[in-house]
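K.L.:
3D model of this:
(one chain, ligands or ions: 1)
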Amino acid sequence: MRFTPITAGSSGSTGTGPFGRLVLRGVTVVDGTGGPPYGPADVVIERDRIAAIVSAGRNTDMSQLGLRTGTADEVLDLPGYYVLPGLVDAHAHIGWAEQGPDADYIYRLWLGHGITSVREPGSLGNGLGFTVREAERAERGEITAPRIVPYVAFGSGTSEPIRTEREARAWVAEQAENGARGIKFFGAAPELFAAALEEANTLGLGSACHHAQSDAARANASHTARWGLGSIEHGYGLPEAMFTDRRIQHFPGDYNYNDEHDRFAYLGRLWREAAEPGSRVWEETIEELVSLGTAIDPTLVVYVAARDAARARGREYHRDYSAPQSWKFFQPDPESHGSFFFDWGTEEEVAWRENYRLWMAFVRDFHLRGGLLTTGSDAGFIYNLYGFGLIEELELLREAGLHPLEIIRCATANGARLLGLTDTGTIEPGKIADLLVCAENPLTNLKLLYGHGHLRVGANGAERVGGVTHTIAGGVLHDASALRARVRDQVAAERERLGTGVPSTP
Ligand SMILES: [Zn+2]
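P.N.:
The predicted model follows:
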C-alpha cells in the first residue's frame with residue numbers, strides 16, 4: 001500500500017504566552033525525578049523556563065505562599081491540582097492521510113493528553129522533509145503541536161539501494177544535513193547496519209530499531225546494542241537474543257511474513273521460545289543492554305489488541321475521538337499494517353497473554369537493573385489512538401510491576417534523555433517549562449490522565465472525572481480540555497462529511 005502524506009498543521013497557535021511571568025498557584029508537584037509529590041507549591045515560569053518552585057508546609061495558606069512568590073502577568077489558581085512534567089511519546093508517528101483527517105487532529109490529541117515532546121520514528125508516510133518542517137514550525141510556535149524530534153527510516157529517500165558501508169555512512173550524513181535527529185532501522189545487512197550506526201553516533205544522531213522478524217536472525221537486539229544502537233522499539237529482537245536451543249524462531253513451514261495473521265500470530269509465540277525469566281542468559285542479556293546504555297521503548301500498548309481484540313475494538317474513547325479515517329484504518333484489511341484480525345481466536349489471544357507475561361517480566365527486570373526504559377505508543381495502528389495510547393502504555397507498565405512514580409519518570413525524564421532533550425523532562429528551576437496539569441492525583445489512578453476521563457460513581461451518580469486540564473509547552477499555555485473539545489467537533493464534522501456513523505464493528 002502506498003500512503004498519502006497527511007495535511008500539515010494549520011498555521012496559528014491556539015496557545016497563549018509565553019508570559020513574562022506565569023504562576024501555577026498552590027499545586028502539588030510530581031517532578032519527574034522519581035522524588036515523591038510535594039505541595040502546596042507555586043511553580044513560577046518566566047518566558048519558556050521554570051524560574052522557581054516556591055513550596056510551603058502542607059497547611060500554609062495560599063495568600064502566604066503568594067506573598068513569597070510575588071506578582072505575575074498570569075496566575076492560575078490551582079489548589080489541589082497536580083503538576084507533572086510534560087509526557088514524552090518516544091514512538092509517535094504523525095500518521096498519514098489514511099490514518100486521520102489532518103495533522104492538527106493528531107497534535108491536539110497529543111497536547112490534549114499533556115504530551116509535550118514526541119519522537120517521530122521514521123517519518124514513513126510523510127517523508128523526512130515534512131517532519132522536519134513541522135518540527136521547525138512547532139519550535140517557532142507557528143502551529144499548535146508538541147516538540148517533534150524527527151527520525152528517518154534507514155535507506156529511505158534514495159532511488160538506489162544502499163549496497164556498501166561507504167554508501168551507508170554517506171546516506172546517514174546526508175540525513176543529518178536534511179535535519180534528521182536520528183535513524184530508524186527495521187533491519188539491514190549486518191555490515192551496513194553497523195556502519196550506519198557508527199556514523200550516526202559519530203554525528204551525534206539518535207538511533208532506534210524495530211527488529212523486524214525478517215532480519216532478527218542476523219541482527220538481534222544484543223548485536224545492534226553492541227554496534228551502538230540507541231533504543232530497542234517494541235519487543236522484537238530481545239527474545240531472539242536469548243535463544244538457547246535454536247538460533248532462529250521456529251516458524252511453521254508454511255509461515256509467510258507478508259501475511260499479517262501469520263506475522264502477529266507467531267509473534268505471540270515468540271517469547272516462550274527464549275530463555276526463561278531469571279535464567280543466566282536472561283540476566284546476562286539484561287546486564288549487557290544496561291551496561292551498553294541501550295534504551296528499551298516497549299510500546300506495549302500497540303499489541304494489546306492481540307491479547308483481547310474485542311476490548312481494543314470497544315475502547316470507550318473511539319465513540320467521540322476516533323476519526324472515520326482512523327477507524328477505517330483499524331479495520332481488518334490485508335493492505336493496512338496491523339489490521340490482522342481476519343480470524344483471530346481464543347488460541348491466538350491465550351498465546352499473547354503468555355507472551356505479555358514474559359515480555360513484561362523482561363521490561364520490569366530491565367528497569368530494575370537500571371536500564372533506560374521509556375514510553376511510546378505507536379498510536380495510529382491497531383485500535384490505538386493518539387494521546388490515549390500513551391496513557392494506556394503507562395497503565396501497562398503498572399501491570400508490568402512498576403510503581404507510578406517510576407512510570408512517570410520513564411514517561412518524562414527518561415524519554416527526554418532518550419530524545420536528547422536534556423533541558424526538559426523534570427520540574428526543576430532552569431528547565432524548559434514543559435508541564436501538564438491534572439485536577440486530581442494521577443499517581444493514585446493513571447486513568448485520570450485519559451482525555452475521556454475516568455468513570456466514577458459519587459453522590460450524584462456516575463460521572464466522568466479527570467483529564468489533563470492544561471498543557472504547558474515551552475512556556476506556552478494550552479487549554480487541554482478545549483483542544484480535546486475541538487477534536488470531538490472535528491470528528492463529528494468528518495463523520496458528517498464522509499457520511500459515516502459512530503464506530504461500530506460488524
Ligand atoms: Zn511505529
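K.L.:
low-confidence ranges, the protein, go.
P.N.:
By pLDDT under 70, the low-scoring segments of the chain are 1-2, 59, 62-63, 67, 506.
K.L.:
show me how it divides into domains.
P.N.:
Each domain of the chain is listed here as a residue range: 22-84+435-479, 87-418, per automatic domain parsing.
K.L.:
quickly note the distance from residue 218 to residue 288.
P.N.:
19 Å (CB to CB, to the nearest Å). In this view, the C-beta of every residue, glycine as well, is placed from N, C-alpha and C.
K.L.:
again with residue 258
P.N.:
As judged by CB to CB, residue 258 and residue 288 stand 33 Å apart.
K.L.:
okay, those two: which has more neighbours?
P.N.:
residue 288 (15 against 8; other CB atoms under 10 Å).
K.L.:
element containing the nearest residue to the more buried one once chain neighbours are set aside?
P.N.:
If the residues on either side of it in the chain are set aside, residue 288 comes closest to residue 222, at 6.4 Å by CB to CB, 6 or more residues apart in numbering. Residue 222 is part of helix 221-226, with elements assigned from DSSP states H and E.
K.L.:
how far off centre is the helix or strand that that helix is followed by?
P.N.:
Under the assignment DSSP H and E, the closest C-terminal helix or strand after helix 221-226 is strand 231-233. Relative to the chain's own centre, strand 231-233 is displaced by 12 Å; criterion: CA atoms, centre = their mean, to the nearest Å.
K.L.:
identify the residues contacting strand 231-233?
P.N.:
90-91, 121, 184, 206-211, 221, 224-225, 238, 289, 294-297, 299, 374, 376, 378, 418 (CB atoms under 8 Å, 6 or more residues apart in numbering).
K.L.:
show me where the stretch 251-400 of the chain has helices.
P.N.:
260-267, 280-292, 309-313, 318-321, 324-330, 346-368, 388-399 (DSSP state H, counting those that start in this stretch).
K.L.:
turn these into JSON lines, including distance to residue 414.
P.N.:
Formatted as JSON lines, the helices of the stretch 251-400 of the chain follow (distance: least, CB to CB, whole Å):
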{"stretch": "helix 260-267", "distance to residue 414": "25"}
{"stretch": "helix 280-292", "distance to residue 414": "13"}
{"stretch": "helix 309-313", "distance to residue 414": "26"}
{"stretch": "helix 318-321", "distance to residue 414": "27"}
{"stretch": "helix 324-330", "distance to residue 414": "28"}
{"stretch": "helix 346-368", "distance to residue 414": "10"}
{"stretch": "helix 388-399", "distance to residue 414": "11"}
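K.L.:
looking at those, spot the one closest to residue 502.
P.N.:
For the helices of the stretch 251-400 of the chain, proximity to residue 502 was assessed by CB to CB; helix 318-321 is nearest, at 5.7 Å.
K.L.:
can I get that closest one in PDB, CA atoms only?
P.N.:
Coordinates of the C-alpha atoms in helix 318-321 are reproduced here as PDB (Å, rounded to 0.1, in the frame of the first residue of the first chain):
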ATOM      1  CA  HIS A 318     -13.500   5.500  20.000                       C
ATOM      2  CA  ARG A 319     -17.000   6.900  20.200                       C
ATOM      3  CA  ASP A 320     -16.100  10.500  20.500                       C
ATOM      4  CA  TYR A 321     -12.500  10.600  19.400                       C
END
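K.L.:
does anything pack onto it? Which helices or strands?
P.N.:
Counting contacts by 3 or more CB pairs under 8 Å, 6 or more residues apart in numbering; DSSP states H and E, the secondary-structure elements packed against helix 318-321 are helix 480-498.
K.L.:
please repeat the previous calculation with a cut-off of 10 Å.
P.N.:
Using 3 or more CB pairs under 10 Å, 6 or more residues apart in numbering; DSSP states H and E as the contact definition, the elements that helix 318-321 packs against are helix 324-330, helix 480-498.
K.L.:
buried residues, it. List them.
P.N.:
Of the residues in helix 318-321, those buried under the neighbour-count criterion (16 or more other CB atoms under 10 Å) are 318, 320-321.
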